[in-house]
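Colleague: give me a 3D structure for the following:
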Amino acid sequence: MNFDAVLHLTMPATGSEQIAEILAALNPPAAVPLLSGPHLLGDDLLGPQDAECLRPGAADAVAAALASLGAGKALVVLDARRQDRLMEHAHLHAVRGGSVVPFAEQFPRAYEPVLDWQDLADRVAAVPGVAEVLVRPVESFRARPELLAADLLALAGMAEPAATAPVPTPPTFSARGVRVARALNAHIRPEERVLVREFVAENFPGPPAGNQFLRPQTRARILAAYAAVNRALFRTRLPEFVEDSYSDDARTAALALRERA
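Modeller: Sure thing, here's the model as predicted:
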């Protein structure tokens, strides 16, 4: 199918900042207009405003973007991340930005399946002018922004995207580091936030594999809550992958070993 625009729906918790940095550096001549950025899902942080559904204003934002482009047959690319890790990334992004809000307050319904990618994809697909919604689990690209950016450029008609070097990822914090950062954030000026980030990253670093500070029992409860909606997502929109790809770490890691059909 030929598209007249590509819209990339992403957020900090799925790598928007790193992808934007790559796209800005390449400034590629895409065959069709390409819009990318968290504003297409809502600029506010992931949290209480998503307590009823994931990114409730996404359909309106997509409709406005299509109207600005005059597009009538758009491909919408939606980057997804497993919900426990999505919440971890979103919380750590907020804490690095100076937040003092505990995880339980940022995600008051963490054990209810409100962050449903399938529901979000369906709402966006219903927007007039959207021809197709392509869901991309970031884990299938090893959560590497440069691979996500290259794939996005190819989808926009750049057959051979320029090679991109890996980009630095934001520092991770341990569970104790998250608590320390929130406590320090309550006593600093905005210009001192970088000092807190550097101090906590050096003294309370998280695992190099990514933002994983939730307790095992918390993670297990979240995965159990989302088991049914995630199976529906993979069964309906990602049949090339195992239906239980988001059920545990081993199956999620296996996403990177499979190529999209």
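Colleague: grab the longest helix from the protein for me.
Modeller: Longest helix in the chain by number of residues (criterion: DSSP state H): helix 216-237.
Colleague: contacts for that helix?
Modeller: 80, 82-84, 87, 110-113, 115-119, 121, 133, 135, 214, 241-248 (Cβ atoms under 8 Å, 6 or more residues apart in numbering). Placement of C-beta: from N, CA and C, glycine included.
Colleague: just the buried residues of the residues you listed.
Modeller: When burial is judged by neighbour count using 16 or more other Cβ atoms under 10 Å, the buried members of the contacts of helix 216-237 are 80, 82-84, 87, 110, 113, 115-119, 121, 133, 135, 214, 241-243, 245-247.
Colleague: and the helices in the stretch 51-200 of the chain?
Modeller: In the stretch 51-200 of the chain, the segments counted as helices under DSSP state H, counting those that start in this stretch are 58-69, 83-96, 103-106, 117-125, 145-155, 175-185, 193-203.
Colleague: lowest average pLDDT across those?
Modeller: For the helices of the stretch 51-200 of the chain, mean pLDDT drops lowest on helix 145-155, to a mean of 86.
Colleague: and the residue lying farthest from the centre of the chain, how far from residue 176?
Modeller: The C-alpha centroid of the chain is most remote from residue 187, which lies 29.6 Å away (Cα atoms, centre = their mean). According to Cβ to Cβ, to the nearest Å, residue 187 and residue 176 sit 18 Å apart.
Colleague: likewise residue 70?
Modeller: With Cβ to Cβ as the criterion, residue 70 and residue 176 are 52 Å apart.
Colleague: what about these two, which has more around it?
Modeller: residue 176 (13 against 10; other Cβ atoms under 10 Å).
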